[in-house]
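Trainee: Take this sequence and fold it.
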Amino acid sequence: MKLRFNRATAFRLTGAASLLAVLVVSSPQRGTSQTSYFKWHEDENFYYIESNGLPTHKMMVGITQWQQQVPIPQDYTGENAWRVPKHPVWSDKPVNVRSALFSGAIAVALNGIPIFNPIKVDGKTDTFAAGELDEYGAHCGRADDYHYHMPPIFLEDMVGKGNPIAYALDGYLVYGYNEPDGKAPVGLDEYNGHKDAKGVYHYHSTKTFPYLNGGEHGVVKVIKDAIVPQPWTAAARTWTKMLPGAVITGFTIPRPNYFSLDYTMNKAHHFINYTYNDDGSYTFNFVDPEGTKTEQYPAPHVRLSGYLNGNNGGNIKVAAGQPVIYSWGSTAATGASTTVQVYKSSDNEKPTNPVANDGCGIASGPYAPFIGKFGATKIATKACQSGYTYKYTFTASGADGKFVSDDLTVTVM
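Mentor: Numbering: from 1, shown residues only. Next comes the predicted model:
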């Protein structure tokens, strides 16, 4: 099934490492004027892929095992963009999707939609075999976030045959079923990857499990069975349960911010018609043969959970004068605080002697902690002195009174 793009679509190919697009795309949904959002930028170390989590193709149709979630826009922008390493680092201890990474994404497609492990969060169910995916190999998660579990082969209609269709989150490219020259790949490892004639590693899609990158052969950081950092999703509703007997038969976006999902159950048609309102809230109308039920949901919120991204992890060593940035991956936090403890340690690894603050890491001045969008906390240690260790603790609190926290320890050599 081909996608339709308007004349404003533009593509950029930068060598073999990057095939990304700045897109203004028209959705092929019948009767729609919805525009999907997708753009990208880069710095020295990363590609940043932004989207609103809505592809241009029709969503949800064909699902026979449905947990009643529906697609809503997600804010994968700014500090919450997908981040892909430009220079992937080979790992001697790769992570395999057969035994890990059941939470969160393992790759991001070149239309800005995340790709999850083919096995769902229970660690055993093949989502494709279970009938949980639509005709594009995708469905919605508990935050009403649309994502693929199967390789988005149809993107070859957009990017061209032989070009990659996704990035694994370790930075290595994901191709379709064939090599750029059209030939079938040979010598794939258990991660569906191999090296080309120039020694460059990449993944391929396959028609059998694991379907796409079977893990991360590049270095990634994994916390609570998910690769971090990666964007956070915002949920408007409490997650819902499986609806036995339901089959999704239609999905349209008749006008911007208005969505309609059609499903059948017991030979009757049911509709969920929902709108994204100007204040960020949602209005859901549940229509069945007995009538219409309307529910209002406040503006989406990010669940209070978090992880720490401190350059190479939560405990790092830096040279004097080297800046360090770390970010806390949580919002929906209604309150947050950062504290710092300063130690002087002879071995610079196991601080045991707290000392008075030396002027670096204090809660004021140019190197102070900063709490910004998405609860991100940034700390620069540029002014830190050699021989000191700084332990930063970030704590976020939610409206329900719960707290989450994590630490970053920076030792200045």
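
Trainee: Give me the nearest residue to Ser205, chain neighbours excluded.
Mentor: Pro151 (3.6 Å; C-beta to C-beta, 6 or more residues apart in numbering). All C-beta spots, glycine's among them, are computed from the backbone N, C-alpha and C.

Trainee: Could you report the distance from that neighbour to Ala109?
Mentor: According to C-beta to C-beta, to the nearest Å, Pro151 and Ala109 sit 9 Å apart.

Trainee: Could you check how far Lys344 is from Asn80?
Mentor: According to C-beta to C-beta, Lys344 stands 37 Å off from Asn80.

Trainee: Give the residues shared as contacts by Pro151 and Ala109.
Mentor: Shared contacts of Pro151 and Ala109 (C-beta atoms under 8 Å, 6 or more residues apart in numbering): 115, 165-166.

Trainee: for those residues, which one is nearest Ala143?
Mentor: Distance to Ala143, by C-beta to C-beta, is smallest for Ile115 among those, at 16.0 Å.

Trainee: tell me which element that closest one falls in.
Mentor: Taking DSSP states H and E as the definition, Ile115 sits inside strand 114-116.

Trainee: Need the contact partners of that strand.
Mentor: 53, 82, 104-109, 141, 145, 147-149, 151-152, 166, 212, 230-231.

Trainee: Equivalent analysis for stretch 126-135, please.
Mentor: Contact with stretch 126-135 is made by 1, 58-67, 118-120, 125, 137, 139, 149-150, 209, 211, 248, as judged by C-beta under 8 Å, 6+ apart.

Trainee: ok, 10 Å please
Mentor: Contacts with stretch 126-135, where a contact means C-beta atoms under 10 Å, 6 or more residues apart in numbering, come from 1, 57-67, 116-121, 125, 137-140, 146, 148-150, 154, 209-211, 242, 247-248, 251.

Trainee: Quick check: ChimeraX command selecting the buried ones in the residues you listed.
Mentor: In ChimeraX, this line selects whichever of those come out buried by 16 or more other C-beta atoms under 10 Å:
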select :57,58,59,60,61,63,65,66,67,116,117,118,119,120,121,137,138,139,140,146,148,149,150,154,210,211,247,248,251
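
Trainee: What about the contacts of stretch 126-135, which are in helices?
Mentor: Using DSSP state H, no member of the contacts of stretch 126-135 sits in helices.

Trainee: Do a quick rundown of the helices in this structure.
Mentor: Counting by DSSP H, the chain has helices at residues 156-159.

Trainee: Any regions of it where pLDDT drops low?
Mentor: By pLDDT under 70, the low-scoring segments of the chain are 1-36, 301-316, 318, 320-340, 345-385, 392-408.
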